[in-house]
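*Asks:* for reference, the sequence and a predicted model appear below.
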Amino acid sequence: MPSAHTFTAPPLAPGADARARIVCVSVDAESLHTVADAWRPTASGQTRAVRAAIAAALDRPGSAALAWYGPFPSHLAPLSARDAATALLRDGWRDGVAHLDAMRARLGVTEIAPPSIIGRRQVWREEGDDIEVDRALRGDFDTAWRGTRRHRPARGRQRLTIVSPFGCNAHTAPEDYLWTGVAAVLLCDLLEGAGYAVELRGADVNVTAQHTGDTYIDVLYKRAGEPLVLATALAALAHVGIARTFGFLAVLATGGTMDSGLGKSRPDLLAEMSVHIARHSASMVPVPDIVAPVVTSQAQCAAMVEGLLAWLDGGAMPPMLTLTEGD
């Protein structure tokens, strides 16, 4: 199983501090727990104290400090320590799949084809799997047989990389973060249903005051042409406890200087930063085609779905989705 790897990129704009840089942590979703292996408490002073306190909280079951990582309502699979988060990644978040199904029903999008069969359409042609007797009797032999073929989208790009927000700031409730994950799954399903091959990734831009501890976290949920393993992907996509546990550990692993806390998540920079990081990653991270927004409600998710369907029908890309220039 691959582990996390890191590389360094220049800042988006030169900072006042000569040490300004962005440390990037890239990892597959099922290997997200390996970010802890890279952490070493080598910093000094206040930075070391902050890191040690956070790492201790993540490893101490029932720690009061975990309230800062939550709260975790019981119906959202509460986590008590890093071991519980690792187990959830390993075993998959089964309750999360049930939450996804319920939210799909609320949105009225329950009939999306699963990734293993999407992108194929029935067609009538001169050979195939089944014959339509009436067509054959009429002499329409070039369209009498029915089979399936891969539907390719009419637009220029046939393969799309989607980046969805991974992680959030302290004020975000678990129920709100769940909607961001649901939106990412629906976005993937709808695009693959339209014939696109989709690679789905998550990312977080975490910044510090002097830009000496800025971090870009890249999480691969699925490659193009592969099915999305929902139980595993949803743990990383939609469970706030997973995002905070391993998101924090990824930041700790980068070795940047922090004055207090672990910086601030900046989803407003995600589109610009994801392109910037990809172009400095030596092909380890692809340039995204679509960057998804933070979604915290049913209304926002419904608006995204409606806008995407309009785009697939030839309309403009909805403002809440960013279509990058790609490569």
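*Replies:* That came in fine, so what should we check first? Worth saying up front: this structure is predicted, and the values here are computed from it rather than measured. Residues are numbered from 1 along each chain as shown.
*Asks:* what does stretch 309-318 rub up against?
*Replies:* When contacts are defined by Cβ atoms under 8 Å, 6 or more residues apart in numbering, stretch 309-318 is touched by residues L190, L191, A194, A303, M304, E306, G307, L308, L321, L323. C-betas here are computed from N, CA, C, even on glycine.
*Asks:* quick check on the residues you listed: which are buried?
*Replies:* By neighbour count, with 16 or more other Cβ atoms under 10 Å, the contacts of stretch 309-318 hold L190, L191, A194, A303, M304, G307, L308, L321, L323 as buried.
*Asks:* and those, which two are the farthest apart?
*Replies:* Across these, the longest distance by Cβ to Cβ is 18.5 Å; it joins A194 and A303.
*Asks:* so V219 sits in a strand?
*Replies:* Yes: if the criterion is DSSP: H, G, I helix; E, B strand; the rest coil, then V219 is within a strand.
*Asks:* and the pLDDT for it?
*Replies:* V219 is assigned 94 on the pLDDT scale.
*Asks:* please enumerate the helices of the protein.
*Replies:* 45-59, 82-91, 94-107, 133-137, 174-193, 230-238, 240-252, 270-278, 298-312 (DSSP state H).
*Asks:* which among those is found nearest to A4?
*Replies:* helix 240-252 (7.3 Å).
*Asks:* which strands or helices does that closest one pack on?
*Replies:* helix 45-59, helix 82-91, helix 174-193, strand 197-207, strand 214-222, helix 230-238 (3 or more Cβ pairs under 8 Å, 6 or more residues apart in numbering; DSSP states H and E).
*Asks:* distance to A278 added to these, as TSV?
*Replies:* Shown next, in TSV, are the helices and strands packed on helix 240-252 (distance: least, Cβ to Cβ, whole Å):
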stretch	distance to A278
helix 45-59	28
helix 82-91	25
helix 174-193	18
strand 197-207	10
strand 214-222	9
helix 230-238	20
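*Asks:* coming back round to it: out of the contacts of stretch 309-318, what pair is the most spread apart?
*Replies:* Every pair of the contacts of stretch 309-318 checked by Cβ to Cβ; the farthest is A194 and A303, at 18.5 Å.
*Asks:* any idea how far L107 is from I22?
*Replies:* From L107 across to I22, the span is 36 Å (Cβ to Cβ, to the nearest Å).
*Asks:* and those two? Which one has more around it.
*Replies:* More neighbours surround I22 than the other of L107 and I22, with 24 against 18 (other Cβ atoms under 10 Å).
*Asks:* measure the more buried one to A183 for me?
*Replies:* 26 Å.
*Asks:* and stretch 299-317, which residues are buried?
*Replies:* Within stretch 299-317, the residues scored as buried using 16+ other Cβ under 10 Å are Q300, C301, A302, A303, M304, V305, G307, L308, W311, L312.
*Asks:* how about low-confidence regions in the protein?
*Replies:* 1-3, 13-20, 36-81, 110-136, 139-157, 210-212, 255-261, 325-327 (pLDDT under 70).
*Asks:* can you rerun that using 80?
*Replies:* Low-confidence regions of the chain, defined by pLDDT under 80, span residues 1-5, 12-21, 33-85, 108-157, 170, 208-213, 248-249, 252-262, 325-327.
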